[in-house]
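> Predicted coordinates and the sequence they were generated for:
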Amino acid sequence: CKRHICGMALGKDTLQDNSFCQRRDYSAKAKDEVPSLLEESWSSELMELELTTRRLLEGKAATYLYTRQIFNNTIDAWAKVASKLVTTNFDNAVHNQSASLNGRNKQACPIFAAGRASALLEFMERSSGIGSAEDSSTRTILLNKSLAPNSVSYNSTLHAWAKCGDARRAEEIFLRMQMQQGKVGVKPDIISYNTVLDAFAKQSARARDTADSINSAECAEKLVHKMEQSYRNNCNGAIRPNTCSYNSVIDAWANSGSAQSATKAQNVLMSMVKLHKSTGDVNVKPDVITLNSVVNAWSKSKVVDSAQRAESVLVFIERIYGNGNEAVRPNTKTFAAILNAWSKSNDGDAAYRAERILRRMETLYNCGNDVKPNVFAFTSVIDTFANNAKRDKNAASKAESILEWMINLSGDGQQNEISPNTVTFNAVIKAHAKSKQEGSAQRASNLLDRMRKFDSNGFGHMAPDTITFNAVINAWVNSSESNGFLKAQQTLKLMEDLFATGNVKVQPDTISYNAVLHGFSKCRERGSADKAKVLLHQMEKLHQQGNDRVRPNAKSFTSVINAYAKSSEPDQAVKAREVLERMNSLSKGNRVDMDIFVYTAVLNACAYTRGDDNAKSVALNIAITTMEEIQESPVVSANHVSYAMMLRACSRLCSDKRKRNKLLQKYFDDCCRDGYVNEFVLREMPNNLMPGKKNMKHIPPMW
């Protein structure tokens, strides 16, 4: 960008006057020093421009012809810089609000580049007498009409702001352009209108799921309606919207996140179809971009049948294409959007519908159509099967069969556009982890071994990562196999060993350790709770040493407490309480966030305490103390589960009948007051304290 900015800004064909480049003015400085100008103030650059203009006015008359063109080329250069920076994702200052526009940060900000274009346009306006007569800058130069901006000046500046997704700035430029309409060389054209519409579409995408996003889509639609109305009324200078105009409106709605976004986008499409049929105007004929945008809108929609509607648009596209409209020929993006829609669908048949779309793509490609399935299409279908693996026992095997299909098509894993990658393998492993079918954990582990083998043979695009290992650990933890939990611990140990040898891709994180801690919470082997506590301490130590990827959270502590609850140790309540107190001490330093689940786990550990009366008495006191903390806490609130656990603890631990009934009544009254009474809570209350009210039908509504 820095290397080519001078060439973009000046343009060799404009510098016919050699003496112009030899002077020490802005253009000469730009030839060698434009990159360094990024670190200078805007005012100093404008003074350079004013000096340049004065020298031009004092020089040859022939130079006048090139003044506007030089400025227009410079504005266009900044617009291209803004576009390039947006494309390469370098917007690190204004939109992230994490850095000021100082020094080199300016180079990485498309907003800054667009601002430079605007500053040049404003200077042209002032220098030619368009700006305010009171502006001090106009007193430093003679008015130069040859510097007056034209449509190219305004459109280039519009383009810069549109690429930044700043519709407000683009509108401001557009309104200034309209105010100059009628003057020589200034007239909003279809490029002007479409650039503003593009700005609305990009702003809608930036502000997705917000009121600003919906407002941007509405403004885009209103502008197109205004264009249509002006054209129908034969207004002077009216511009008829074209396919590009409507596409921007559809994009704006597709990105808005509105509940009606997809419907709105499809309505615009149908308006285009109707207008094209009634007028025969080819300039408003939908193209594949139009239809892809509508499909994309449905793929992002949260409507229940959005995937079916996305596929119905494909049927509509193919019907139009079959009637001879080559412009709407479906492409890979069309099918990819539909696959994305099915991947988000809760339809039980979603994965199989997605697979049919994938196989249809392959058939069309083999027939000469440009819809070749790629790794993203295959992975999307596999992921859809993975999402349905809990309710479909065949989903995991289907996912793996598609993986094998990919490997065969790619030439045994050779890296190309069809070759499976780490994400693809992870989706298949996730499917096995979710399925919980017999042998599924072993199949997930086999895939991990296979990925490691591919990696060792030079196929690094299929190397396992932290997500891979975490999925395998979860598969073993959730399996019904007798050695499953041991395998989970061995997998974590393998991660640690590989990371220790320098493989940063497989660095264990909080999820890795939490999965094993969860395994300890399900294990009833003697000593497992203490092992869980040791692992928790290991996590704390790693985090204290600066490993931010391993930070114990509420889930970590809850798993250890649950492990003690199932340990059958006489002092399980005491140890569970110690873990809670440790978590409390960490929360005071904002190192972990408390939640109701960890408190409820302690109540559960108390309720299932076994042993003599003394052990039960200690456990009851811990339960009472814990419940008091819940009720007094500004951070957590009791719920129906915590009340039910407290009632169970009172029933199981208190041997004194009078005291037991008193405690039960107290906590039940508290539960009624908070409105958490349900069947779960009622089951914990003895019949003698709830005559005729053991059924939800018989209790007062306020409970």
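Received, thanks.
> Which helix or strand in the chain has the lowest average pLDDT?
The helix or strand of the chain with the poorest confidence is helix 18-22; it has a mean of 32 (mean pLDDT, DSSP states H and E).
> So in this protein, which helix runs the longest?
helix 64-87 (DSSP state H).
> The spatially most central residue of the chain in helix, strand or coil?
The centre of the chain sits closest to residue 208, judged by Cα atoms, centre = their mean, with a distance of 9.9 Å. Here residue 208 is coil, with the state taken from DSSP: H, G, I helix; E, B strand; the rest coil.
> Please name the residues that touch the closest residue to it other than its chain neighbours.
Leaving aside its sequence neighbours, residue 208 sits nearest to residue 257 (Cβ to Cβ, 6 or more residues apart in numbering; 4.8 Å). Using the backbone N, CA and C atoms, a C-beta is placed for each residue, glycine as well. Counting by Cβ atoms under 8 Å, 6 or more residues apart in numbering, residue 257 touches 208-210, 213-214, 300.
> Show me which pair in those is furthest apart.
Greatest spatial distance in these: 210 and 300, 14.5 Å, computed using Cβ to Cβ.
> Between those two, which is the more surrounded one?
Set side by side, residue 210 and residue 300 show more neighbours around residue 300, with 22 against 13, by other Cβ atoms under 10 Å.
> Next one: the more buried one from residue 256, what distance?
In this view, residue 300 and residue 256 are 9 Å apart by Cβ to Cβ, to the nearest Å.
> Name the helix or strand for the residue nearest to residue 208, please.
Per DSSP states H and E, residue 257 falls between elements, in no helix or strand.
> So for it, what's the pLDDT?
For residue 257, the model assigns a pLDDT of 82.
> before we move on, what about residue 290?
91.
> residues in contact with stretch 299-311?
254-255, 257, 259, 261-262, 266, 295, 298, 337-338, 340-342, 344-347, 350, 353, 357.
> Which of the residues you listed fall within helices?
254, 261-262, 266, 295, 298, 337-338, 340-342, 350, 353, 357.
> Could you dump those into TSV with pLDDT added?
Formatted as TSV, the ones in helices among the contacts of stretch 299-311 follow (pLDDT from 0 to 100):
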residue	pLDDT
254	90
261	91
262	92
266	92
295	92
298	92
337	91
338	93
340	91
341	92
342	93
350	93
353	94
357	94
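> Would you map the helices across the stretch 201-350 of the chain?
211-232, 243-254, 261-279, 288-300, 306-322, 332-343, 350-366 (DSSP state H, counting those that start in this stretch).
> Spell out the secondary structure type for residue 398.
Under three-state DSSP, residue 398 comes out as helix.
> separation between it and residue 221?
42 Å.
> pLDDT weak spots in the protein?
Applying pLDDT under 70 to the chain flags the ranges 1-66, 87-108, 131-145, 182-184, 235-237, 413, 688, 690-703.
> hmm, 50 instead?
1-43, 46-47, 50, 57, 60-65, 89-108, 132-142 (pLDDT under 50).
> and residue 421, backbone torsions?
With angles defined as degrees, to the nearest 10, residue 421 sits at phi -120, psi -170.
> burial measure for the closest residue to it other than its chain neighbours, as a count.
Among residues not flanking residue 421 along the chain, residue 461 sits closest, at 4.8 Å (Cβ to Cβ, 6+ apart). When counting by other Cβ under 10 Å, one arrives at 18 neighbours for residue 461.
> same check, this time on residue 327
15.
> Correct me if wrong: it contacts residue 287.
Yes - in terms of Cβ atoms under 8 Å, residue 327 counts as a neighbour of residue 287; the distance is 4.2 Å.
> quick revisit: tell me the SS of the residue nearest to residue 421?
helix.
> So it versus residue 419, what's the distance?
7 Å.
> Take the host helix or strand of residue 432, keep the C-alpha atoms, and write them as PDB.
Under the criterion of DSSP H and E, residue 432 resides in helix 422-435. The C-alpha trace of helix 422-435 is given here as PDB (Å, rounded to 0.1, in the frame of the first residue of the first chain):
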ATOM      1  CA  THR A 422      -8.400 -29.900  11.000                       C
ATOM      2  CA  VAL A 423     -11.900 -28.400  11.300                       C
ATOM      3  CA  THR A 424     -13.400 -31.200   9.200                       C
ATOM      4  CA  PHE A 425     -11.900 -33.900  11.400                       C
ATOM      5  CA  ASN A 426     -12.900 -32.000  14.500                       C
ATOM      6  CA  ALA A 427     -16.600 -32.000  13.300                       C
ATOM      7  CA  VAL A 428     -16.500 -35.800  12.800                       C
ATOM      8  CA  ILE A 429     -14.900 -36.300  16.300                       C
ATOM      9  CA  LYS A 430     -17.600 -34.000  17.700                       C
ATOM     10  CA  ALA A 431     -20.200 -36.200  16.100                       C
ATOM     11  CA  HIS A 432     -18.800 -39.300  17.800                       C
ATOM     12  CA  ALA A 433     -18.500 -37.500  21.100                       C
ATOM     13  CA  LYS A 434     -22.100 -36.500  21.000                       C
ATOM     14  CA  SER A 435     -23.500 -39.800  19.800                       C
END
